[in-house]
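Undergrad: Can you look at this prediction? I've put the sequence above it.
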Amino acid sequence: GQNIDQPTEMTATEGAIVQINCTYQTSGFNGLFWYQQHAGEAPTFLSYNVLDGLEEKGRFSSFLSRSKGYSYLLLKELQMKDSASYLCAVSLASGGSYIPTFGRGTSLIVHP
Amino acid sequence: GAGVSQSPSNKVTEKGKDVELRCDPISGHTALYWYRQRLGQGLEFLIYFQGNSAPDKSGLPSDRFSAERTGESVSTLTIQRTQQEDSAVYLCASSSKDRDGYGYTFGSGTRLTVV
């Protein structure tokens, strides 16, 4: 089976930096995704890590350690619009295909 | 189309009725996924289609749930004899390559309410 854990809720101040952690215990790991989901909207793709290390994309960075089953999403220079749910998803091998399995999401609240 | 299109956007149905949800993926996307998201919860995998291969139905919660897809086009998710516990947002996603990190594009979902 698979177990993907991330904090339920986090709060941060506008302009600050926040790190959202995700740990997983799975078999057949192929890669890890981060998605952003605003309330009432569809998830939108943020990043994908398949190798260990840090991937930087503007204000957002994502890190992966496969040996530790650990990833984090780093958001810099927080803006009010960053208030959303952040979903960690692990791509798992399933009968020759790869299916993203999602954690429950971290609700980030950015306040002035 | 330009994005993943789902219809209807909202559906209210009476307990015991059947419902059919539609997903129109991005043209050329061979992989298509259905997920369910209950209020305040994460995404729960339901079913996966890849081209003309047999679908992965391992996430369907009961035999009341079924889905079809013809080739690489539209997919329909059918829920028979709906129950209140089926109330959720049903999300569809498509991808051009399920092995690469291009990400999955989601539709806006169908919000199903069973009363």
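TA: Sure thing, it's come through.

Undergrad: can you list the residues of chain A near chain B?
TA: When proximity is defined as Cβ under 8 Å from any Cβ of the partner chain, chain A approaches chain B at A:30-31, A:33, A:41-45, A:48-50, A:87, A:89, A:94-95, A:97-105. (Glycine included, C-beta is placed from N, CA and C.)

Undergrad: how about low-confidence regions in chain A?
TA: A:1-2, A:94-96 (pLDDT under 70).

Undergrad: can you give me the helices for it?
TA: Assigned by DSSP state H, the helices in chain A number zero.

Undergrad: Looking at it, which strand is longest?
TA: strand A:84-94 (DSSP state E).

Undergrad: Within the sheet, what are the partner strands of that one, with directions?
TA: Applying DSSP bridges to the sheet, strand A:84-94 is found paired with strand A:29-37 (antiparallel), strand A:97-102 (antiparallel), strand A:106-111 (antiparallel).

Undergrad: Buried ones in that strand, by neighbour count?
TA: A:Ala84, A:Ser85, A:Tyr86, A:Leu87, A:Cys88, A:Ala89, A:Val90, A:Ser91, A:Leu92, A:Ser94 (16 or more other Cβ atoms under 10 Å in any protein chain shown).

Undergrad: and stretch B:7-20 with chain A, contact?
TA: No: judged by Cβ under 8 Å from any Cβ, stretch B:7-20 stays clear of chain A, getting no closer than 10.7 Å.

Undergrad: Show me the contact partners of that stretch.
TA: B:21-22, B:24, B:76-84, B:108-115 (Cβ atoms under 8 Å, 6 or more residues apart in numbering or on different chains).

Undergrad: could you pick out which of those residues are near chain A?
TA: Answer for the contacts of stretch B:7-20 near chain A (Cβ under 8 Å from any Cβ): B:Ser108, B:Gly109.

Undergrad: Could you say which helix or strand holds the residue nearest the centre of chain B?
TA: By Cα atoms, centre = their mean, chain B has its centre lying nearest to B:Trp34, at 3.1 Å. Element membership for B:Trp34 (DSSP states H and E) is strand B:31-37.
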